[in-house]
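A.B. asks: Here's my sequence, what's the structure:
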Amino acid sequence: MTSELPRATRVVESGGWPADAAVASLTLVYADRHLRRRRLKADDGTRLLLDLPRARLLAEGDGLALEDGRWIAVRAAVEPVVEARTGDPQALARLAWHVGNRHTACQILPNALRVLDDSVLADMLAGQGAEVVHIRVPFTPEPGAYAHGHSHSHVRANDVDPLADGPEAAP
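C.D. replies: Numbering: from 1, shown residues only. Predicted coordinates for the structure are as follows:
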């Protein structure tokens, strides 16, 4: 006899849910955080069904509300990124323009930009005068101007079987 999976039917942004009440966490890389309906496995092995009304990008610190009142915390997994550093605000703005012109997800820091590790982007950023460093950190890019109704990300919820077992994060 198989039991029904707990269903997460709502996402609450970081700061808007009782994070101290989380019973588990779900750690995913950026490419796996754009979801609508999918079977997933939390970091502790708990299986759940994410069943949202529409696809959305899950962010670090978001809470998934299970139908039974429990909460699952969303975590951004550590992954390889390129960090382009500069101490000049105008140079940083120029770098951001070039990254944006390529419709690439980008995390904006006070003196740097982060993009997923890509040798072509790394060479372009270095060519624009940035100090380019390859690091492994959680990648949390800007959600974009259309984040509440449209994602410009090239990650699409329809690219995979929505009820296939979801990505399993490394410990």
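
A.B. asks: Arg94 and Ala22, how far apart?
C.D. replies: To Ala22, Arg94 is 40 Å away according to Cβ to Cβ, to the nearest Å. Glycine gets a C-beta too; all of them are placed from N, C-alpha and C.

A.B. asks: What of Gly61?
C.D. replies: When Cβ to Cβ is the yardstick, Gly61 and Ala22 sit 10 Å from each other.

A.B. asks: the strands in the protein, which residues?
C.D. replies: In order along the chain, the chain carries the following strands (DSSP state E): 7-12, 22-28, 34-41, 47-57, 63-66, 71-76, 78-85, 107-109, 112-116, 131-138.

A.B. asks: Identify the single longest helix in the protein, thanks.
C.D. replies: Of all segments of type helix in the chain, defined using DSSP state H, the longest is helix 89-101.

A.B. asks: Also compute the angle for it relative to strand 112-116, please.
C.D. replies: Here the directions of helix 89-101 and strand 112-116 differ by 20 degrees (axes from the mean of the first three to the mean of the last three Cα atoms, to 10 degrees).

A.B. asks: who touches helix 89-101?
C.D. replies: 84, 86, 106, 108, 111-113, 115, 121, 124-125, 128-130 (Cβ atoms under 8 Å, 6 or more residues apart in numbering).

A.B. asks: Could you dump these into CSV with neighbour count added?
C.D. replies: What follows is the contacts of helix 89-101, written out as CSV (neighbours: other Cβ atoms under 10 Å):
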residue, neighbour count
Ala84, 29
Thr86, 19
Cys106, 20
Ile108, 13
Asn111, 14
Ala112, 19
Leu113, 26
Val115, 22
Leu121, 20
Met124, 19
Leu125, 23
Gln128, 16
Gly129, 12
Ala130, 23
